[in-house]
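Undergrad: Generate a structure from the sequence data that follows.
(one chain, ligands or ions: 1)
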Amino acid sequence: MELYHQCCRYARVGDKGEILLGRNVVADAFEKRLIRVVTHAHQDHTRGLSRSTKWSIYVIATPITFEFLKLLGYKIPEDKKLPLSYNNSITIENETITLVRARHIAGSAQVLVESPSYRVGYTGDFKLPGTPPLEDLDTLIIDATYGSPRYQRRWSDWEALSALIALIDERIHKGPVWIYAFNGKIQEIMIELRRRGIDYPFLAEPLAIEMAKVSSREYGVDLGDLRPYLGGEPDESAVIFIHSSKTNGKIRLKGTHIRLTGWEIKSMVRMIRENVFNVSFSDHATFREIIEYVRDAMPKQVIVDGYRGKDAWFTAKYIERRLGIPAIHMPVRRK
Ligand SMILES: [Zn+2]
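TA: Alright, predicted model coming up:
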């Protein structure tokens with residue numbers, strides 16, 4: 001309990017997933033603080049944003065995240081928006097806030113808050129490689145979506161991506177290939193497929209297309225033949241991207257259906273039935289990558305975000321025992 005009191009003055013995770021940093025900053029949920037940071041545009045990091053927009057004096061995010069938030073329907077007054085590009089800082093009330101790149105979805109950022117007497121940081125959602133560690137921290141708050149070895153995938157993203165491409169190539173002559181994922185991941189996959197020369201037509205819902213245009217600019221990748229999906233069964237060899245929440249409504253249609261999920265850990269590609277597959281692909285760090293991040297960052301202490309992650313208690317214990325860094329998970333009781 002001693003660590004709990006020591007660490008939590010300038011960094012903690014609240015009961016509703018709010019990440020409290022320094023004296024004035026809250027990230028990724030609502031709290032009455034001067035500054036609200038949005039690390040990226042996923043829904044579990046934008047909660048309470050309307051309330052924050054009223055209460056806080058500034059909302060800080062990367063320019064790309066602000067573009068996504070607008071497309072997703074969040075109305076943030078221009079005079080409250082404070083876009084920060086990676087590695088740029090702003091000092092407010094004696095605290096310097098910096099956003100640092102995180103590899104997750106376009107625009108994702110880590111948050112660093114510094115004052116003369118403390119230096120604390122939050123990874124937000126991330127995976128490795130491509131997320132530089134926040135170093136010399138007094139306290140690191142880390143995301144641990146896959147917080148124990150029982151969720152460890154035994155293959156890399158690149159292998160999973162190759163398997164996805166092989167499956168698309170094999171199946172596309174039999175009709176459309178439907179890919180189900182959340183926004184953010186949909187756009188990452190579109191970019192990765194185009195980078196690897198996959199030039200089949202892409203169809204997607206209008207919001208996904210608008211978000212893809214933003215990602216395309218950010219990554220400098222031309223998305224080629226990308227058109228709106230207008231419903232029904234397209235009569236052509238196309239890859240159709242559909243939001244995960246609509247899987248049930250589409251999965252009986254003609255073609256091959258592929259669900260992208262990081263929770264598939266049995267195998268890289270798993271056939272569920274004749275034309276339905278799970279492909280194990282995640283936009284979060286594996287357990288091993290979480291530990292690797294902490295080992296590289298070497299903070300004085302660690303708080304594992306147990307609000308969004310699974311088995312955060314295990315991650316904290318592992319970090320203490322294996323790396324010798326004091327660690328706890330918060331909030332202790334999950335809602
Ligand atoms: Zn996310």
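
Undergrad: Give me the domain ranges for the chain.
TA: In terms of domains, the chain is parsed into 2-150+284-330, 157-279 (source: automatic domain parsing).

Undergrad: Run the chain-centre distance for the shortest one.
TA: Spelled out, that is domain 157-279. From the chain centre to the centre of domain 157-279 is a distance of 18 Å (CA atoms, centre = their mean, to the nearest Å).

Undergrad: CA atoms of stretch 153-173 as PDB?
TA: Output of stretch 153-173 as PDB, limited to C-alpha atoms (Å, rounded to 0.1, in the frame of the first residue of the first chain):
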ATOM      1  CA  ARG A 153       0.200 -14.600 -29.800                       C
ATOM      2  CA  ARG A 154       2.900 -16.800 -31.100                       C
ATOM      3  CA  TRP A 155       3.400 -15.000 -34.400                       C
ATOM      4  CA  SER A 156       4.300 -11.500 -35.500                       C
ATOM      5  CA  ASP A 157       2.000  -8.900 -37.100                       C
ATOM      6  CA  TRP A 158       3.900  -9.400 -40.300                       C
ATOM      7  CA  GLU A 159       3.300 -13.100 -40.300                       C
ATOM      8  CA  ALA A 160      -0.400 -12.600 -39.600                       C
ATOM      9  CA  LEU A 161      -0.600 -10.000 -42.400                       C
ATOM     10  CA  SER A 162       1.000 -12.500 -44.800                       C
ATOM     11  CA  ALA A 163      -1.500 -15.100 -43.800                       C
ATOM     12  CA  LEU A 164      -4.300 -12.600 -44.400                       C
ATOM     13  CA  ILE A 165      -3.000 -11.800 -47.900                       C
ATOM     14  CA  ALA A 166      -2.700 -15.500 -48.800                       C
ATOM     15  CA  LEU A 167      -6.300 -16.000 -47.700                       C
ATOM     16  CA  ILE A 168      -7.500 -13.100 -49.700                       C
ATOM     17  CA  ASP A 169      -5.600 -14.300 -52.800                       C
ATOM     18  CA  GLU A 170      -6.900 -17.800 -52.400                       C
ATOM     19  CA  ARG A 171     -10.500 -16.800 -51.900                       C
ATOM     20  CA  ILE A 172     -11.200 -13.700 -54.000                       C
ATOM     21  CA  HIS A 173     -11.900 -15.500 -57.200                       C
END
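
Undergrad: Secondary structure class of the residue of the chain positioned farthest from its centre, three-state.
TA: The centre of the chain is farthest from one residue, residue 235, which by CA atoms, centre = their mean lies 33.8 Å away. At residue 235, secondary structure determined by DSSP: H, G, I helix; E, B strand; the rest coil is coil.

Undergrad: Next, work out how far apart it and residue 17 are.
TA: 44 Å (CB to CB, to the nearest Å). Just so you know, the C-beta spots here come from the backbone N, C-alpha and C atoms, and that holds for glycine as well.

Undergrad: In three-state terms, label the residue in the stretch 101-250 of the chain positioned nearest to the ion for me.
TA: Proximity of the stretch 101-250 of the chain to the ion (CB to the ion) peaks at residue 125, 3.6 Å away. Secondary structure for residue 125, judged by three-state DSSP, is coil.

Undergrad: The nearest residue to it once chain neighbours are set aside: how many residues sit nearby?
TA: Distances taken as CB to CB, 6 or more residues apart in numbering place residue 104 nearest to residue 125, at 4.4 Å, with adjacent residues excluded. Using other CB atoms under 10 Å, residue 104 has 27 neighbouring residues.

Undergrad: Show the pLDDT at residue 104.
TA: Looking at residue 104, its pLDDT is 95.

Undergrad: Likewise for residue 78?
TA: We have a pLDDT of 96 for residue 78.

Undergrad: Which residue ranges of this structure form helices?
TA: Listed in chain order, the helices of the chain (DSSP state H) span 2-7, 49-55, 63-71, 157-171, 185-195, 206-219, 247-250, 287-297, 312-318.

Undergrad: Just put the ones you listed in CSV and tack on distance to the ion, mean pLDDT and mean neighbour count.
TA: Output for the helices of the chain, formatted as CSV (distance: least, CB to the ion, whole Å; pLDDT from 0 to 100; neighbours: other CB atoms under 10 Å):
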stretch, distance to the ion, mean pLDDT, mean neighbour count
helix 2-7, 24, 53, 13
helix 49-55, 14, 96, 16
helix 63-71, 11, 97, 21
helix 157-171, 15, 94, 16
helix 185-195, 9, 96, 21
helix 206-219, 13, 96, 18
helix 247-250, 19, 86, 12
helix 287-297, 15, 97, 19
helix 312-318, 16, 96, 22
